[in-house]
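**Student:** just to be clear, the model below is a prediction. Sequence and coordinates:
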Amino acid sequence: MFTVSNGIILKGQDLTPVRENVVVDDGKIIEIAKDAKEGKIIDVDGAIVCPSFINGHVHIGDSIIKDEGYGLTLAEMVKPPNGVKHVALSNAEDDDLINAMRQSMQDMIDSGTTHFIDYREGGIKGVKLLKEASKDLPIKPIILGRDDSFYGDDPDLAKVKIAIRKLLKIADGIAPSGFGEITPEVASLISEECSKQGKISSIHVAESESNQIESLNNDRLTEIAKGVNSNFSQLVHLTNPKANDLELVARSNQNVVVCPRANATLNVGVAPLNRMLELGIMPLLGSDNVMLNSPNMFRELEFTLKLMSIYHKSYINPKELVKMATTNICGFEINNVIEKQVISEDCFAEFNVLKSFSKNPYLNICNRVETKNILYTINKKINV
């Protein structure tokens, strides 16, 4: 048992700042109160106590080719099966992949991340490699698998269904690359089977303008509309929405992930985060491909804070931004799989204690704190 005392607690899903103490016993928060003190006392001297980070979208497998292919197009970099990433993954040795993924997970742990959602290439073997790489690390990978049988203009739907069921026995969900690679029938099979089993179905949508135009030309529907119509539980990117795309998402209450640094690196646009917030959408932040970016959420937060203000000519609320990296996921059904915690009594203890440099705790996190300023990361897997 221990007490984190004299901190500014960002409490609950809304990250309400309170000057209280947090008592933890057997990995669970048992009391939050001004006068609560039990067990070992950890006086943090006015530091910010913030929920640990969730990285909402990662491709950790391409940790083996950091910064390769810079300047290439989106398709040249990541489109299956001939993108730089897929060629590298198909030629990589298992031990090299495991070691590279493990190092990236350690980087996330060091920068305050306890959960990440990974689009795992390589079918069942790819899922197993990530599980092996994460063994004994104090971080939870949410692993979304895929299979080569999903792709093509005329897939064998019986084989697709079998592949989905086999993957869901060991994975947390399914994540095909995008609507340019799968048919509507495959999309429906994925979302339906994941829903039946209480797993996550996720897909990239509207990452580039060209993807949106191609989708409209071929089917008279945007990729975002296809994602909504197919009932995927999570939509990633939404960088280039058209017409009423965002209104469709807002009405659907699907989970959304945006990846500003990756979109900037690939030169595909800037997600309209301010408009999403106006519509009541509660996005997550993701760092995307490790080949493009470090999986450091402090970098993602600062970049996003400043990019949105200059691009959309409107300041983004830093509190809402921090929620994108911490507690927004807690409002969605898929958190039954992810199990991300808030700082509240009876929740598991998963929080960062961060050095305070300013009076605004949210700007402090986005604009000031670096990895070296993490005083503690408390995780139910860690004993203090």
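**Tutor:** Arrived safely, thanks for sending.

**Student:** going by C-alpha atoms from here, please, whenever you check contacts or count neighbours.
**Tutor:** Will do.

**Student:** might one say that S356 is in contact with I48?
**Tutor:** Yes: counting by Cα atoms under 8 Å, S356 touches I48, with 6.0 Å between them.

**Student:** compare those two (neighbour count), which wins?
**Tutor:** Per other Cα atoms under 10 Å, whichever of S356 and I48 has more neighbours is I48, with 28 against 22.

**Student:** ok, and for the longest helix anywhere in the chain, which residues are buried?
**Tutor:** For the chain, the helix with the greatest residue count under DSSP state H is helix 94-110. The neighbour-count check on helix 94-110 (16 or more other Cα atoms under 10 Å) flags 97-110 as buried.

**Student:** name the residues that touch that helix?
**Tutor:** Applying Cα atoms under 8 Å, 6 or more residues apart in numbering, the contact partners of helix 94-110 are 60-61, 63-64, 114, 129-130, 132-134, 137-139, 290, 294-296, 371.

**Student:** repeat the analysis, applying 6 Å as the threshold.
**Tutor:** With contact meaning Cα atoms under 6 Å, 6 or more residues apart in numbering, helix 94-110 is reached by I60, S63, I64, A133.

**Student:** next: stretch 165-179.
**Tutor:** Everything outside stretch 165-179 that qualifies as a contact, by Cα under 6 Å, 6+ apart, is I124, I142, I143, L144, G145, R146, K199, I200, S201, S202, I203, H204.

**Student:** most widely separated two among these?
**Tutor:** Within those, I124 and H204 form the most distant pair, 20.4 Å apart (Cα to Cα).

**Student:** what are the phi and psi values for the residue lying closest to N289 once chain neighbours are set aside?
**Tutor:** Distance criterion Cα to Cα, 6 or more residues apart in numbering; nearest residue to N289, sequence neighbours excluded, is H59 at 4.6 Å. Main-chain dihedrals, H59, degrees, to the nearest 10: phi -120, psi 90.

**Student:** what of the one 4 residues further on?
**Tutor:** In this entry, S63 is assigned phi and psi values of phi -60, psi -20 (degrees, to the nearest 10).

**Student:** and the residue nearest the centre of the protein?
**Tutor:** Nearest to the mean C-alpha position of the chain, counting by Cα atoms, centre = their mean, stands G56 at 0.6 Å.

**Student:** please, where are all the strands along the stretch 1-150 of the chain?
**Tutor:** For the stretch 1-150 of the chain, the strands defined by DSSP state E, counting those that start in this stretch cover 2-11, 16-25, 28-33, 40-43, 48-51, 53-59, 113-119, 140-145.

**Student:** what's the neighbour count on R220?
**Tutor:** When neighbours are counted by other Cα under 10 Å, R220 comes out with 11.

**Student:** actually A250, not the one I wrote
**Tutor:** 20.

**Student:** any idea which element it lies in?
**Tutor:** A250 belongs to helix 245-252 when assigned by DSSP states H and E.

**Student:** quick one: buried residues of that helix?
**Tutor:** Of the residues in helix 245-252, D245, L246, L248, V249, A250 count as buried by neighbour count, 16+ other Cα under 10 Å.

**Student:** avg pLDDT for the next helix or strand after that helix?
**Tutor:** Downstream of helix 245-252, the next assigned helix or strand under DSSP H and E is strand 255-258. Mean pLDDT, computed over strand 255-258, is 98.

**Student:** same check on stretch 301-312?
**Tutor:** For stretch 301-312, mean pLDDT is 94.

**Student:** please list the outside residues in contact with it.
**Tutor:** Against stretch 301-312 from outside (Cα under 6 Å, 6+ apart): Y315, C366, N367.

**Student:** chain center to stretch 276-292, what's the gap?
**Tutor:** From the chain centre to the centre of stretch 276-292 is a distance of 8 Å (Cα atoms, centre = their mean, to the nearest Å).

**Student:** please disregard the earlier target; I meant stretch 52-64.
**Tutor:** Counting by Cα atoms, centre = their mean, stretch 52-64 is centred 7 Å from the centre of its parent chain.

**Student:** what residues sit buried inside it?
**Tutor:** Residues of stretch 52-64 classed as buried: 52-64 (neighbour count, 16+ other Cα under 10 Å).

**Student:** what's the span of that stretch from first residue to last?
**Tutor:** In stretch 52-64, first residue to last residue: 26 Å (Cα to Cα, to the nearest Å).

**Student:** likewise stretch 76-95?
**Tutor:** In stretch 76-95, first residue to last residue: 26 Å (Cα to Cα).

**Student:** what residues sit buried inside that stretch?
**Tutor:** Across stretch 76-95, burial judged by 16+ other Cα under 10 Å covers M77, V78, K79, P80, G83, V84, K85, H86, L89.

**Student:** closest one to K159 out of these, please.
**Tutor:** P80 (19.2 Å).

**Student:** show me the two of the contacts of helix 94-110 that sit farthest apart.
**Tutor:** Maximum pairwise distance among these (Cα to Cα): 13.3 Å, between I64 and A133.

**Student:** what is the end-to-end distance of stretch 344-353?
**Tutor:** 15 Å.

**Student:** can you give the contact residues for it?
**Tutor:** Applying Cα under 6 Å, 6+ apart, the external contacts of stretch 344-353 come out as 12, 27-31, 48-52, 374-380.
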